[in-house]
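>>> I'll drop the sequence and a predicted model, then ask my questions.
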Amino acid sequence: MSVKIRLARGGAKKRPFYSIVVADSRSPRDGRFIEKIGFYNPMVPKDHPDRVRLKDERVSHWLSNGALPTDRVARLLGQAGLAPAPAIPNNPKKAAPKAKAQERMKERQEAEAAAAAESS
């Protein structure tokens, strides 16, 4: 049986509230779970103490027994200092300006250089 530490969604429409649960990986997202070990409220500010609450001893117990956290839960556990923080992927090529934007920037630089040469 593969056990995961994951989020189970609750709350109203457009007002999410998540329980951090230990569940069998085959059970539905909001379905049956083994144990509730905390909660996560993304609607409050990041520095608010009620944004994430965890039962530290139960989290460490489940991690030592082989439960695998999902990506979001691993990030929350890393911020709480209960597990090593996962590496945040970095894709600098995706953030670079595309071809047309690069052409416009090159044209603008040439026009500024020509204007500076004329004024001198």
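Good, I have the coordinates.
>>> can we go C-alpha only for contacts and neighbour counts from here?
Will do.
>>> secondary structure element for the spatially most central residue of the chain?
What sits nearest the mean C-alpha location of the chain, by Cα atoms, centre = their mean, is R72, with 4.8 Å. Per DSSP states H and E, R72 falls inside helix 71-80.
>>> again, but for D30
Judged by DSSP H and E, D30 forms part of no helix or strand.
>>> how about the secondary structure of the residue nearest to it when sequence neighbours are not counted?
Of all residues not flanking D30 in the chain, A8 sits nearest, at 4.9 Å (Cα to Cα, 6 or more residues apart in numbering). Assigned with DSSP: H, G, I helix; E, B strand; the rest coil, A8 falls in the strand class.
>>> in this structure A8 contacts V22, no?
No. The pair A8 / V22 is not scored as a contact, 9.6 Å apart, by Cα atoms under 8 Å.
>>> who's more crowded, those two?
Using other Cα atoms under 10 Å as the criterion, A8 and V22 rank with V22 on top: 25 against 21.
>>> doesn't that one lie inside a strand?
Yes. The assignment for V22 (three-state DSSP) places it in a strand.
>>> quick one: residues contacting the residue nearest to it when sequence neighbours are not counted.
Using Cα to Cα, 6+ apart and skipping the chain neighbours, the partner closest in space to V22 is I5 (4.5 Å). Listed by Cα atoms under 8 Å, 6 or more residues apart in numbering, the contact partners of I5 are 20-23, 67-70, 73.
>>> which element is I5 on?
strand 3-12.
>>> what's the angle from that strand to helix 71-80?
In terms of direction (axes from the mean of the first three to the mean of the last three Cα atoms, to 10 degrees), strand 3-12 departs from helix 71-80 by 100 degrees.
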